[in-house]
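**Q** Sequence and predicted structure, then a few things I'm wondering about:
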Amino acid sequence: MKITIHTDGAASGNPGPGGYGAVLESGNHRKELWGGYRLTTNNRMELMAVIAALEALKSPGMDVTVVSDSKYVVDAVEQGWLFDWERKRWAKVKNPDLWKRFLRVFREHKVRFEWIRGHNGHPLNELCDKLAVAARNQAQLAVDEGYESQPDTLL
């Protein structure tokens, strides 16, 4: 089964309150996901959007295309940096907690990434941005435990 996932992350201040949004599409099916955190970074939210979307998939072995405006996330995977970081046991890598979580779910599927320019009129990217901003602006925000426990090493 082919699935397309669109994602975006947002933070007000960096660090500051943040949110992510994702839209999953497969055939006629569509699912929207979002979440917000009281203190986090934009890069963490960009990555969290992808993680949340991949974790929402019900079966392993899906053929997934992730469409993102995050060079941080797309290049880390497509340029192979992520796998070098893993081989080097995450030495001097930002956000290792999320990258490890990402790899667990990434390896359950056939995933490829496609980068698009953000805020460029792409309807699903704009929707993901709206979801991320709305999530960030909620009254009750979750704690980004990975960030708040070690903010100096995760920026």
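**A** Nice, I can see it. Residues are numbered from 1 along each chain as shown.
**Q** Isn't Ala53 up against Glu25?
**A** No: shown here, Ala53 and Glu25 do not form a contact pair, counting by C-beta atoms under 8 Å, at 10.6 Å. No exception for glycine: its C-beta is placed from N, CA and C like everyone else's.
**Q** Quickly list what's touching both of these two.
**A** Ile5 (C-beta atoms under 8 Å, 6 or more residues apart in numbering).
**Q** These two: who's more crowded?
**A** In this comparison of Ala53 against Glu25, neighbours counted by other C-beta atoms under 10 Å, the higher total goes to Ala53 at 24 against 16.
**Q** in the chain, what residue sits furthest out from the centroid?
**A** Relative to the average C-alpha location in the chain, and by C-alpha atoms, centre = their mean, no residue lies farther out than Asn28, which sits at 23.3 Å.
**Q** Quick check, pLDDT for that one.
**A** Listed pLDDT for Asn28 reads 95.
**Q** Could you do Gly13 as well?
**A** Per-residue confidence for Gly13 comes out at a pLDDT of 90.
**Q** Report the separation between it and Arg30.
**A** 31 Å (C-beta to C-beta, to the nearest Å).
**Q** Kindly report the same for Glu148.
**A** Applying C-beta to C-beta to Glu148 and Arg30 gives a distance of 33 Å.
**Q** now the spatially closest residue to Ala11 that is not a sequence neighbour, what's its secondary structure?
**A** Nearest residue to Ala11 in three dimensions, chain neighbours excluded: Gly18, at 3.7 Å (C-beta to C-beta, 6 or more residues apart in numbering). Using DSSP: H, G, I helix; E, B strand; the rest coil as the criterion, the local structure at Gly18 reads strand.
**Q** Please verify my assumption that Gly18 contacts Met45.
**A** Yes: Gly18 sits in contact with Met45 when judged by C-beta under 8 Å, with a separation of 4.4 Å.
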